[in-house]
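Enquirer: Take a look and give me a structure for this.
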Amino acid sequence: MCSIATAQPFYRTFNNFNSGELHLLNAREDLAKYQTGCSIMENLIPIPQGGAQKRPGTKYIAEVKTSSLATRILPFEFSTSQSYIIEAGNQYMRFFTSGAPVFKTYGTEDLSSIGSIVAHWKCDDNAGTTAVVDADGATHDGVASANTDTMSVADAEGTANTAFDLAGTKYVTVTDHDDFSFGDSTDDSPFSIVAWINVTLSADSQMILTKYDATTGVELREWLFYIAASETLVVQLYDEDTNAVITRQSRDALAVGWHFVACTYNGVGGTDADAGIKLYVDNAEVTSAQTSSATYASMVNTTTDVLIGAIVAAGPPGVAKHWQDEIDNVAIFNKELTAIEIASLTGNASTTPSETLTPYLTADLFDLKYEQSADVLYITHPSYETRKLSRLANSVWVLDDIGIGTGPFRIQNNDVTKTISVTEISSGGILKGASVTLTAAGHAPFISGTTAGHLPSGALTTSKSHTGALFKLVHPIDTLEYKEELESDFAAGQVENTSWLDCGILYKGTTWTLITGDTWFGTIKVQRNYILGAAVGNGGDEGASVGWETVFPYSSGAGAAVSARNVSTTGTEDDGDAQYRVIYADEIADDTVSVYFSTDQTEHIGVVEITAVTSTTVATGTVIESIGGATTDATHKWSEGSWSNYRGWPQTVTFFEDRLCFGGNTNQPDTIWASVTSDYQNMTAGPDDDEALVFTLSSRQVNVIEWIIGKDKLLIGTSGAEWTIAGGTDEPLTPSNAIAKQHSTYGSANLQATLANESVLFFQRGAAKMRELAYNWELDSYVAPDMTILANLVTLGGIVDTSFQKTPDSILWCVRTDGELPIFSYERAENITAWSRMVTHTNLAGTLTDSDFESIARISGSPEDEIWVIVNRTIGGATVRYIEQFQPRDFGSDADDAFYVDAGVTYDSTASSAMTGLDHLDGQTVYVLADGVVFDTAVVSSGAITLKLATVTTAASTVQMGLGYEIHLRTMPLSWLGQGMTIQGRQKRISEVVANWYNSGDFSIGKDASTLRTQSISGQTTSQDRITFPPGYDYNGYVYVYQKSPEPLTLLGLALEFDVN
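Expert: Numbering: from 1, shown residues only. Next up, the predicted model:
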């Protein structure tokens, strides 16, 4: 290129900064991006219109629960108007919405919205008597063991004399009544119990509410609701006729303190009674285990009284197992309360954050991946069973195992020498919910470990036990046809094959056939019962015996022709496994009907979930799907589940074509599992188009799937390549048409990719290079160009967390390992792909110290998406982690509302000079914008400052206070290209700069940080002005823009006049 041989002034305009920060490109003035880029862009956002806008400040929301431990935030979006931020810490989650924490709610004494109240004891009695009033019409008043004024204390809300302190010795007796009995020796009926309890530790069980007398020889036992010595919640139902007990017990212990607890029972009765019980803690259903009984039929209506806070014990006889602390607001309902009804039983908010326990340790948090559907967030981690977080109400959240019992499964064993047999631990048939022992012969399939249930051992290195694994067992069905001559009306207690025919269990999907013969008059009914193991000959016709319902009735009238007196019909059991029978009803004139009933089922698939491993050949488990009726023979047709603590759990999750899809685990790292269409927790595989599917990528290497995203195709990033899976052309994905294609071999980091408009942004292995996965029509393939190639230092060290903002502009926010916050402005249609960086500080006695961004999440807001962060700061010499929220970039037309401080708070009230609420910044120098004017900085003492303007104490009504931060913008080295000339390597002198700004406060311009000249602006204005530049020549010709005041700045452009030496 030619040199310049003239001393005339040159002019250069920087009217576009939306190429962002560029690195290692000082000599590449030939690039178009060079002309619109910057060598430094810190705490500024490149805007699509071309300018650079100062980032807004962050509002202080709360300190995390445990500041000494790393914490992560996750988004939860039910809709654009109902969004939450989740604080995920060491084995807990907390929740935030509308810029504030979600607090637990107190109970309400108003139960009128529920109805079906049997009795309601508010425990508000505070008198010199023992009377305890039933608030539901005083129908069932109780008698306290002491005057109520000696028991009355404050409730959970702190309201005086509205709870009873039973103190381990006192209790309330309510006289027996039929209203309190929910069984009649034949059938049970629904009921629910709710109460507020203050839990304190005890070496013995503590009774909440009981109808139970265990006096030896005169036992009168019905039901118990209590907490065990382990502080777990328990409900028990007793069948006094058979001395059988049904138990349901929570998995997790209750923490010390106040809790709202409930138990509900649907009244199903029989051997499945335990399945009809649910337990709730703090308005949300909790995971619980059941103990069933093969002989339980129903509770018996006894004459024993109801006790609040105690039980009548067996020995020594008398009242015992007292409640040790406060109890309040106890009620019984004669219905099964729904989860929504229980969630609604809340009153005023407390000051205690709403919190849900989780199994995830600190080290696990940034390996969590998630996907949401309505009010359920599915969460995966390779060491934990997939869980779902459900929102039942604003302050009621529950995290539970996904509990998929239908698969997926590994390849079925075909070696006839390797078998597994099933033995029931308790009698009554190997039905759903039963406890069983699996015994292997010819092989050793079970891996022993220290883990119980589905949880890792609790150490960073989880155990590798087979617990949580499913085993599918296939048994042949011996009886396919049932024949009998029925001759009598169906009635309870009749001998089988005279009025009824037991047709065994029909498993879901089974087709049955009924054919009758002979000359007869009456009615034949095909009936089913979903209570497996129910007595086939029990009770009368349908409705008289629990669970039986008619599937098909046929009547042969006396006047009908012989040819019309019989029937041949078929049906299919579509809903589930069911017990079937044929009964003869309304028999006339002692006629006999010939009944033939057959099914098309030749084998049955049962499923057992492993709960403990005894040895490599023996394991115990719970039956998830019935084991071939009463069949206990060994079978070689078995399959191990794909997921377990031993095999690993899915690493990532997404939705695609109305299927819930999972990607990779430890044992099958390159496999995709997709659910049944529209049935997200059903992994039943099969050939039908809507059935679940399993697909393993075919590659030279077995690379772990790091992320999956559903778009027009299922996009997959493995540690070694990028793939798509789809059905045929314009066809949905099915088990028979899945086609996988590899598109690139960059490989992905263990970091969730982002669906950004029409493309996917993902980080390459190492997490320091970001790529854009997009379809290229010319190549007819997906391509993945490097989006950091012009700014390769911006993600140096790697990225640990990301979140994509949609409004007001498309921006990917990234957290770097060193605590900086690179952002990527992305408007592909406008060719905007620009990086910049955000930093934040503390300020102790004027000394800036870097603080670290550690996690980020975006949720919908109005009018802009909300960006939330966790920031690691040093305050008072201690590490604190704060949850903070970036404020809107558009703060409106009122300069008072400009928010350009970090960890800030707002005062908006009567004019005052005394500001409080800054306890989280004690000792820090804070910046102040008061009524739109920059006030003096101040040092926080005991959470307070005094407002001063030019050292004079001054009151203000709208004040933004917080940590200051700086913006730095430095252009690329000055260039001038034209007519084959360059000024590279020549000394340049800038004489004047014309700055153009929008709605901005004071800022400074110079060659560098040491030569700045401040542009003083009155208030916040939109204008342009000439600024005389510091004198002197240099080789770079940088223009440096700086601002530290807590005011906005939008720089629209710079025009330079310069000459070349």
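Enquirer: Now the helix or strand hosting T439 - C-alpha only, CSV.
Expert: Taking DSSP states H and E as the criterion, T439 maps to strand 435-441. Provided in CSV are the C-alpha atoms of strand 435-441 (Å, rounded to 0.1, in the frame of the first residue of the first chain):
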residue,chain,number,x,y,z
SER,A,435,-42.1,-56.2,48.6
VAL,A,436,-40.2,-59.0,46.9
THR,A,437,-36.8,-60.8,46.8
LEU,A,438,-35.1,-61.4,43.5
THR,A,439,-32.7,-64.3,43.3
ALA,A,440,-30.4,-64.9,40.3
ALA,A,441,-29.1,-68.3,39.2
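Enquirer: Buried residues, that strand. List them.
Expert: Residues of strand 435-441 classed as buried by neighbour count (16 or more other C-beta atoms under 10 Å): 435-436, 438-440. All C-beta atoms are positioned from the backbone trio N, CA, C, and that covers glycine.
Enquirer: Name all residues that make contact with E385.
Expert: By C-beta atoms under 8 Å, 6 or more residues apart in numbering, E385 lies in contact with 401-402, 454, 468, 643, 649.
Enquirer: no, scratch that, I was asking about S719
Expert: Counting by C-beta under 8 Å, 6+ apart, S719 touches 703-704, 706, 747-748, 750, 765.
Enquirer: Cross those against strands and list the overlap.
Expert: Here DSSP state E is the test, and the contacts of S719 give E706 as lying in strands.
Enquirer: What about the contacts of S719, which one has the most neighbours?
Expert: S748 (28 neighbours; other C-beta atoms under 10 Å).
Enquirer: partners of that residue in the sheet?
Expert: Beta-bridge pairing for S748 (DSSP bridges): Q764.
Enquirer: contacting residues for it?
Expert: Contacts of S748 (C-beta under 8 Å, 6+ apart): 706-707, 717-719, 722, 762-765.
Enquirer: Out of these, who's the most crowded?
Expert: G717 (33 neighbours).
Enquirer: Name the nearest residue to that residue, sequence neighbours excluded.
Expert: Excluding the flanking residues, the one nearest G717 by C-beta to C-beta, 6 or more residues apart in numbering is S748, at 3.4 Å.
Enquirer: any idea how far that neighbour is from T754?
Expert: According to C-beta to C-beta, to the nearest Å, S748 stands 12 Å off from T754.
Enquirer: Repeat that for G347.
Expert: 41 Å.
Enquirer: Look at the two and report which has more neighbours.
Expert: Neighbours were counted for G347 and for T754 using other C-beta under 10 Å; T754 has more, 20 against 14.
Enquirer: give me the beta-bridge partners of the more buried one?
Expert: Beta bridges link T754 to L761 when assigned by DSSP bridges.
Enquirer: quick one, what contacts A791?
Expert: Contacts for A791 (C-beta under 8 Å, 6+ apart) come out as 20-23, 835.
Enquirer: Between those residues, which sits nearest P808?
Expert: Closest approach to P808 among the contacts of A791 (C-beta to C-beta): G20, at 17.0 Å.
Enquirer: which SSE is the nearest residue in space to that closest one that is not next to it in sequence in?
Expert: Closest residue to G20 apart from its sequence neighbours, by C-beta to C-beta, 6+ apart: A834 at 2.9 Å. Per DSSP H and E, A834 falls inside strand 832-838.
Enquirer: Quick one: list the elements packing against the following helix or strand past that strand.
Expert: Next along the chain after strand 832-838, taking DSSP H and E as the criterion, comes strand 840-844. Where contact means 3 or more C-beta pairs under 8 Å, 6 or more residues apart in numbering; DSSP states H and E, strand 840-844 is packed against strand 847-859, strand 866-875, strand 925-930, strand 956-963.
Enquirer: Would you confirm that G923 contacts G876?
Expert: Yes: G923 sits in contact with G876 when judged by C-beta atoms under 8 Å, with a separation of 5.5 Å.
Enquirer: Settle it for me: which of the two has more neighbours?
Expert: Neighbours were counted for G923 and for G876 using other C-beta under 10 Å; G923 has more, 15 against 10.
Enquirer: and the gap between the more buried one and L929?
Expert: G923 is 21 Å from L929, where distance means C-beta to C-beta.
Enquirer: again with L848
Expert: For L848, the distance to L929 - C-beta to C-beta - is 19 Å.
Enquirer: neighbour-wise, which of these two wins?
Expert: Between L848 and L929, L929 has the larger neighbour count (other C-beta under 10 Å), namely 29 against 16.
Enquirer: For that one, give its distance to F95.
Expert: 31 Å.
Enquirer: Ok, D633 next?
Expert: In terms of C-beta to C-beta, D633 sits 51 Å off from F95.
Enquirer: which residue is nearest the middle of the protein?
Expert: L389 (2.6 Å; C-alpha atoms, centre = their mean).
Enquirer: Pairing partners for that one in the sheet, please.
Expert: Beta-bridge partners of L389, as defined by DSSP bridges: L377, L399.
Enquirer: by contact count, what packs against the lowest-mean-pLDDT helix or strand in the chain?
Expert: Lowest on mean pLDDT, DSSP states H and E among the helices and strands of the chain sits strand 288-291, with a mean of 80. Judged by 3+ C-beta pairs under 8 Å, 6+ apart, the packing partners of strand 288-291 are strand 244-250, strand 277-281.
Enquirer: how does it look with 7 Å?
Expert: strand 244-250 (3 or more C-beta pairs under 7 Å, 6 or more residues apart in numbering; DSSP states H and E).
Enquirer: from the chain's centre, how far out does the strand it packs on sit?
Expert: On the basis of C-alpha atoms, centre = their mean, to the nearest Å, strand 244-250 sits 28 Å off its chain's mean C-alpha point.
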